[in-house]
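Asks: fold the following for me, if possible:
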Amino acid sequence: MPYCCQCGNAVAETDRYCRRCGARQPARGRPPAGEAFSPRTASVLCYVPFLGWLAAIVVLASQRFRHDHAVRFHAFQGLYLFVAYLIVDWVVGPVLRMLPGPHLRLDKLLSLGLVALWVFMMVKTSQEQTCSLPILGELAEKSAAES
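Replies: Okay, here's the model as predicted:
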């Protein structure tokens, strides 16, 4: 059984106010769907390597962040970063493997660089600093402005 946050009197789970002192009681239970994440957390999740594209799609589809330009910018930039990774993995890699001679494995270095960029963006976003990447950031800015 919970107790009042002000006077310590026993209160029911559903009580919003204490019967003795009248103090407002903290909300109990789970937050409503869509309100579990702060804008900063939603922005950081868009840069999780290999899975951030899922969070970005959820953020872009949700009503909660429809008018939050910063979160939408990070969602678009995270998506474009994932697309850059796919281009390196599905296009650049096979083309470089078809070339004759010793392979430098430039595609693996590019992939590693993109993963490092994802982690860098997660750190910057968690510190609430907006970092616009050279080409991807401009595309994300235009996409976020259009919505």
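
Asks: poorly predicted segments of this structure, please.
Replies: Counting by pLDDT under 70, the low-confidence segments of the chain come to 1, 29-36, 103, 147.

Asks: pop the domain breakdown of it in here.
Replies: 1-30, 39-146 (automatic domain parsing).

Asks: a markdown table for these, including mean neighbour count?
Replies: All C-beta atoms are positioned from the backbone trio N, CA, C, and that covers glycine. Shown next, in a markdown table, are the domains of the chain (neighbours: other Cβ atoms under 10 Å):
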| stretch | mean neighbour count |
| --- | --- |
| domain 1-30 | 12 |
| domain 39-146 | 16 |
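
Asks: excluding its backbone neighbours, what's nearest the residue lying farthest from the centre of the chain?
Replies: Going by Cα atoms, centre = their mean, the residue of the chain most distant from its centre is Arg20, 43.3 Å out. Using Cβ to Cβ, 6 or more residues apart in numbering and skipping residues adjacent in sequence, the residue nearest Arg20 is Asn9, 4.4 Å away.

Asks: ok, now how distant is the one you found from Arg16?
Replies: 14 Å (Cβ to Cβ, to the nearest Å).

Asks: looking at this structure, which helix is longest?
Replies: Counting residues, the longest helix found in the chain (DSSP state H) is helix 106-126.

Asks: so which residues make contact with the helix or strand just after that helix?
Replies: Counting by DSSP states H and E, the element after helix 106-126 in chain order, helix or strand, is helix 136-146. Helix 136-146 has contacts (Cβ atoms under 8 Å, 6 or more residues apart in numbering) with 69, 72-77, 80-81, 84, 131-133.

Asks: tabulate the CA atom coordinates of helix 136-146 in PDB.
Replies: C-alpha atoms of helix 136-146 as PDB (Å, rounded to 0.1, in the frame of the first residue of the first chain):
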ATOM      1  CA  LEU A 136      23.400  14.300 -44.700                       C
ATOM      2  CA  GLY A 137      22.700  17.200 -42.300                       C
ATOM      3  CA  GLU A 138      21.700  19.500 -45.200                       C
ATOM      4  CA  LEU A 139      19.300  16.800 -46.500                       C
ATOM      5  CA  ALA A 140      17.900  16.200 -43.000                       C
ATOM      6  CA  GLU A 141      17.400  20.000 -42.500                       C
ATOM      7  CA  LYS A 142      15.400  20.200 -45.700                       C
ATOM      8  CA  SER A 143      13.400  17.100 -44.900                       C
ATOM      9  CA  ALA A 144      12.600  18.300 -41.300                       C
ATOM     10  CA  ALA A 145      11.600  21.700 -42.600                       C
ATOM     11  CA  GLU A 146       9.200  20.300 -45.200                       C
END
